[in-house]
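Visitor: Show me the folded form of this:
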Amino acid sequence: MPSAFDVLASDHEQVRGLLTLFEAAPAAAGVNDSLLEARKKMAETLVIEESKHEAIEEMYFWPAVRKLLPDGDKLADQAISQEQEGKELLAKLDKLDADNPEFDRLVSEFIKAARDHIAFEETQVWPGLQEVMTEAEATDLGDSLEQAKKTAPTRPHPHTPPSPAMLKTTGPAAAAADRARDAATGRGRA
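Guide: So this is what the prediction gives:
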């Protein structure tokens, strides 16, 4: 079983890959319809994966940080604030077509915010947590993260409080609604 850090590192690598693709892709201005469609699909994938990632962190990872680190409340509050900013950007991005002038601006803003957040998590939070967690605790947390990801929301819900109890209670219903909307619209399909 992978540890919590393995699960989160894998998510971070996937997001970094999508961010790199966006940075390498031409801007919407002057590109053909197939490139615009590809940019929209990349944005959908980014929104889906980030939504699941942030939900599982808020349900399981940040509570562990709060419990195990002396400065865990401060670290978790800062990270959740960063994640809230990201959810608000993704919620706006998810509603736009790739030819909308706001699309590229939101992507650029999200790229910077996501890179800053990932760096914060990996350099400011993980080292301390890795020192105090046993291998069994890290594996148990990794299992919880992987299981939660299977039923996590696929859309950002910036107006839902980041309370672990609230997310564990309302998250499955939000995820079911998200997945139903995704199936009806074809969102997230290759």
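Visitor: pLDDT at the residue nearest in space to the middle of the chain, what is it?
Guide: Geometric centre of the chain, nearest residue: Glu50, 2.3 Å, by CA atoms, centre = their mean. Listed pLDDT for Glu50 reads 92.
Visitor: name the helices or strands packed onto the helix or strand hosting it?
Guide: Assigned by DSSP states H and E, Glu50 belongs to helix 33-56. Counting contacts by 3 or more CB pairs under 8 Å, 6 or more residues apart in numbering; DSSP states H and E, helix 33-56 packs against helix 4-24, helix 72-94, helix 101-120, helix 135-150, helix 164-185. C-beta here means a position set from N, CA and C on the backbone, and glycine is covered the same way.
Visitor: Make sure Phe61 is actually in contact with Asp11.
Guide: No - using CB atoms under 8 Å, Phe61 makes no contact with Asp11, being 10.7 Å away.
Visitor: Could you list the buried residues of stretch 63-77?
Guide: By neighbour count on 16 or more other CB atoms under 10 Å, the buried set for stretch 63-77 is Pro63, Ala64, Val65, Arg66, Leu69, Gly72, Leu75, Ala76.
Visitor: So which residues make contact with that stretch?
Guide: With contacts defined as CB atoms under 8 Å, 6 or more residues apart in numbering, stretch 63-77 is touched by Ala4, Trp62, Ala79, Gln124, Val125, Gly128, Leu129, Val132, Met133, Glu137, Leu141, Pro164.
Visitor: Which single one of those is nearest to Ala25?
Guide: Ala79 (28.3 Å; CB to CB).
Visitor: residues contacting the closest one?
Guide: Glu57, Trp62, Val65, His117, Phe120, Glu121, Val125.
Visitor: Low-confidence stretches in the protein?
Guide: Along the chain, segments meeting pLDDT under 70 span 26-31, 157-190.
Visitor: before we move on, the earlier item: got the contacts of stretch 63-77 as CSV, with distance to Lys112 columns?
Guide: Output for the contacts of stretch 63-77, formatted as CSV (distance: CB to CB, whole Å):
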residue, distance to Lys112
Ala4, 26
Trp62, 22
Ala79, 16
Gln124, 17
Val125, 19
Gly128, 25
Leu129, 25
Val132, 31
Met133, 30
Glu137, 33
Leu141, 28
Pro164, 28
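Visitor: Mind checking which of these are buried?
Guide: Ala4, Trp62, Ala79, Val125, Gly128, Leu129, Met133, Leu141, Pro164.
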